[in-house]
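**Student:** Below: sequence and its predicted model.
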2 protein chains.
Amino acid sequence: MNQYSYCVMTQGLPKTKRGLERRAQLLHAAEVVIGDKGFSMASIADITREAETALGTFYIYFRSKEEIFRELVLEMGRLTRAMVAEAVTEAPDRLAAERAGLHAFLSFVADRPALYRIVEEARFVDPEAYRNYFTSFARAYAAQLRRAQAAGEITEGDAEIRAWALMGISKTLGERFVLWEDKPDIDRVVEETFRMISEGLVP
Amino acid sequence: MNQYSYCVMTQGLPKTKRGLERRAQLLHAAEVVIGDKGFSMASIADITREAETALGTFYIYFRSKEEIFRELVLEMGRLTRAMVAEAVTEAPDRLAAERAGLHAFLSFVADRPALYRIVEEARFVDPEAYRNYFTSFARAYAAQLRRAQAAGEITEGDAEIRAWALMGISKTLGERFVLWEDKPDIDRVVEETFRMISEGLVP
């Protein structure tokens, strides 16, 4: 045990650069191992082996497999929000933002497939983390849809229901056309989907 | 062991009414128990206790917990297809069918919440069954969208991508506005969603 012994997530991050790096290394290893084997089959020994650290090192940063799992779900939340926010910064209006946001999300799924699976597994492993992940994303999304409606950029409608419907599209297309494809054609999926959500099905 | 010993799914259903009833009783019990505890925590003993049968009875109809789980996923597939097909029979065109289909699906989630969770858990427990479930549904859905396009009932677009996008909407709204709500307001969710997918977001 050393100075990092109590630097678990609830009490803040490690204070040194080396500590932060070790923690990030363990998180990355957990993403690889849990994404591959699933939560119940992945052991802490698998994670430290993948991270090339001693088994005891794990417990300096995390109390349990449950805790590092939850941290990965939080990480996925931070990353997707940051990544979508960045992608839509340049968008001139909400419709352009929808297109850019969907593209960014699908590209993210292609880059970090394990995180996608980990969030989905959270439904069973840590239902509260799962729910928080989607609820906080939906809240921010709905707020943006409301602003866009007020600005006359999109049609009127219930922003919360729409946010979840649009998230459902991204999530399912990410699984079907990214995770399940060897060579995802993200551009085509985005164009087709954007056309449907912007113009609708009515001829 | 008796005459039903080999009447597992791959070799056909039990031949007597009593056998069929017992099998259905076990499936129902598995739906309740696995939906509640999750696959790994649910035991065959839990299932036979719930079904009020002897432990050995289970093995007359199913080889393993994996087999009854897969059968539940297939059951969910048959039920959702039949239920959506019936709901849309009366629909005069594809748009009306979209509305009726979404309503029927959300009502089904309200009636059989355990089956929803079981299909989602299949992503981890039985990835092949999970994929088959959605792929076969999507195939039939896309075929209907193609026919509707040809008939001029909906706008042009890639039917496969659209089918998955629309399934993603149903799936996610089912979780958020049915499973997570004490008193789901299915009518409102359907109206709002239908408006978005039929008219789109462009003002």
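**Tutor:** Received it, and whenever you're ready, just let me know what you need.
**Student:** Counting neighbours, which bits of the worst-scoring helix or strand of chain A on mean pLDDT end up buried?
**Tutor:** The weakest-scoring helix or strand in chain A, judged by mean pLDDT, DSSP states H and E, is helix A:65-88 (a mean of 92). If you call a residue buried by 16 or more other C-beta atoms under 10 Å in any protein chain shown, then helix A:65-88 has these buried ones: A:65, A:68-73, A:75-77, A:80, A:83-84, A:87-88. Backbone N, C-alpha and C define where each C-beta goes, glycine included.
**Student:** So which residues make contact with it?
**Tutor:** A:8-9, A:26-27, A:30-31, A:34, A:39, A:42-44, A:47, A:58, A:61-62, A:96-97, A:100-101, A:103-105, A:108, A:112, A:115-116, A:118-119, A:122, A:125-126, A:129-130, A:132-133, A:136-137, A:140 (C-beta atoms under 8 Å, 6 or more residues apart in numbering or on different chains).
**Student:** what do you get for stretch A:134-152?
**Tutor:** Here stretch A:134-152 makes contact (C-beta under 8 Å, 6+ apart) with A:77, A:80-81, A:93-94, A:97, A:154-157, A:159-160, A:162-164, A:166-167, B:176, B:203.
**Student:** buried ones in stretch A:120-128?
**Tutor:** Quick answer for stretch A:120-128 (16+ other C-beta under 10 Å): A:120-126.
**Student:** Please read the previous query as pertaining to stretch A:179-199.
**Tutor:** A:184, A:186, A:189-198.
**Student:** Stretch A:32-52 too?
**Tutor:** For stretch A:32-52, burial by neighbour count (16+ other C-beta under 10 Å) applies to A:32-35, A:38-39, A:42, A:44, A:46-48, A:50-51.
**Student:** hmm, back to that, just the buried residues of stretch A:120-128 now: which is nearest A:T16?
**Tutor:** A:D126 (28.8 Å; C-beta to C-beta).
**Student:** Give me the pLDDT for that closest one.
**Tutor:** pLDDT, the model's per-residue confidence, is 95 for A:D126.
**Student:** got the contact list for A:A51?
**Tutor:** Contacts for A:A51 (C-beta under 8 Å, 6+ apart) come out as A:25-26, A:28-29, A:57.
**Student:** follow-up on the earlier one: quick one: which of the buried residues of helix A:65-88 is nearest chain B?
**Tutor:** Closest to chain B out of those is A:F69 (13.5 Å), distances taken as C-beta to the nearest C-beta.
**Student:** What strand or helix carries the closest residue to A:R176 other than its chain neighbours?
**Tutor:** Residue nearest to A:R176 in three dimensions, not counting chain neighbours: B:W164, with 4.8 Å by C-beta to C-beta, 6 or more residues apart in numbering or on different chains. Mapping B:W164 onto the secondary structure by DSSP states H and E places it in helix B:159-174.
**Student:** by contact count, what packs against that helix?
**Tutor:** helix A:159-174, helix A:186-199, helix B:94-111, helix B:127-150, helix B:186-199 (3 or more C-beta pairs under 8 Å, 6 or more residues apart in numbering or on different chains; DSSP states H and E).
**Student:** Dump the ones you listed into TSV; add distance to A:L145 as well.
**Tutor:** TSV is the format used below for these (distance: least, C-beta to C-beta, whole Å):
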stretch	distance to A:L145
helix A:159-174	4
helix A:186-199	12
helix B:94-111	20
helix B:127-150	26
helix B:186-199	10
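**Student:** between those, which gets nearest to A:K17?
**Tutor:** Closest among the helices and strands packed on helix B:159-174, using C-beta to C-beta: helix A:159-174, at 33.9 Å.
**Student:** tilt between the closest one and helix A:65-88?
**Tutor:** 100 degrees (axes from the mean of the first three to the mean of the last three C-alpha atoms, to 10 degrees).
**Student:** averaged over its residues, what pLDDT does helix A:159-174 have?
**Tutor:** 98.
**Student:** Give me the contact list for that helix.
**Tutor:** Helix A:159-174 is contacted from outside by A:98, A:101-102, A:105-106, A:109, A:116, A:134, A:137-138, A:141-143, A:145-146, A:149, A:189, A:193, A:197, B:161, B:164-165, B:167-173, B:176-177, B:188-189, B:192-193, B:196-197, using C-beta under 8 Å, 6+ apart.
**Student:** May I have it exported as CSV, CA atoms only?
**Tutor:** Coordinates of each C-alpha in helix A:159-174 appear next as CSV, following Å, rounded to 0.1, in the frame of the first residue of the first chain:
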residue,chain,number,x,y,z
ALA,A,159,-38.0,17.0,-27.3
GLU,A,160,-37.5,14.2,-24.7
ILE,A,161,-39.2,11.5,-26.8
ARG,A,162,-37.4,12.7,-29.9
ALA,A,163,-34.1,12.6,-28.1
TRP,A,164,-34.6,9.0,-27.1
ALA,A,165,-35.8,8.0,-30.5
LEU,A,166,-32.8,9.6,-32.2
MET,A,167,-30.5,8.0,-29.6
GLY,A,168,-32.1,4.7,-30.4
ILE,A,169,-31.3,5.1,-34.1
SER,A,170,-27.6,5.8,-33.4
LYS,A,171,-27.3,3.0,-31.0
THR,A,172,-28.9,0.4,-33.2
LEU,A,173,-27.2,1.5,-36.4
GLY,A,174,-23.9,1.5,-34.5
